[in-house]
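>>> Structure of the sequence below:
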Amino acid sequence: MIGVVLWSDISDRKAVIWCEDQGDLAFLNSQNEFPDYEAFFDAGDVVQFDMEVKETMRHAHNPRLVVERAGAALPEALRDRATSTGNTRPMAQIIPFTPRKVDVSVMLPRVSEA
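Predicted coordinates for the structure are as follows:
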């Protein structure tokens, strides 16, 4: 799976990843996968990883950097979008369904009596 890191905590080696399939976010807790001296991911990094679903949560394993900071503006853009539409209700155009009267006998094939 490929995704963009939305949030990361370098000291705890944790991250939240927005996945390419637009499904649930994946959570990375890689304290055991990265030594302390090795660089960790920043928000906006594009990463490739193996995914495992435990109960209802996606867990990312074996993460690899694909492109550094390619989506650096994405976390802030999502944050801005959330705050700008925070209290407004989504507007949808509702089109009422009005069934039309159809002569069913015209639609059904006639069965000849034998």
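>>> Going by C-alpha atoms from here, please, whenever you check contacts or count neighbours.
Fine.
>>> Where does the prediction get shaky in this protein?
For the chain, residues meeting the criterion pLDDT under 70 lie at 31-38, 84-114.
>>> In it, where's the longest strand?
Assignment by DSSP state E gives strand 57-67 as the longest strand of the chain.
>>> by contact count, what packs against that strand?
strand 26-29, strand 46-54 (3 or more Cα pairs under 8 Å, 6 or more residues apart in numbering; DSSP states H and E).
>>> which residues are in contact with the first one?
Around strand 26-29, the neighbours that count as contacts under Cα atoms under 8 Å, 6 or more residues apart in numbering are 12-19, 51, 57-61.
>>> let's see 10 Å
Outside strand 26-29, the residues within contact range by Cα atoms under 10 Å, 6 or more residues apart in numbering are 3-5, 7-9, 12-19, 49, 51-53, 57-63.
>>> Give me the buried entries from these.
Taking 16 or more other Cα atoms under 10 Å as the criterion, what is buried in these is 3-5, 7-8, 13-19, 49, 51, 58-61, 63.
>>> Which parts of the protein are helices?
In the chain, the helices defined using DSSP state H lie at 74-84, 104-107.
>>> Return the alpha-carbon coordinates of the first one using CSV.
Extracted C-alpha coordinates of helix 74-84, given in CSV (Å, rounded to 0.1, in the frame of the first residue of the first chain):
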residue,chain,number,x,y,z
LEU,A,74,-1.7,18.2,2.6
PRO,A,75,-2.1,18.0,6.4
GLU,A,76,-2.5,21.8,6.6
ALA,A,77,-5.0,21.8,3.7
LEU,A,78,-7.1,19.2,5.4
ARG,A,79,-6.9,21.1,8.7
ASP,A,80,-8.0,24.3,6.9
ARG,A,81,-10.8,22.6,5.1
ALA,A,82,-12.1,21.0,8.3
THR,A,83,-12.2,24.3,10.2
SER,A,84,-13.7,26.3,7.4
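>>> what's next to it, contact-wise?
Applying Cα under 10 Å, 6+ apart, the contact partners of helix 74-84 are 4-7, 18, 43-44, 86.
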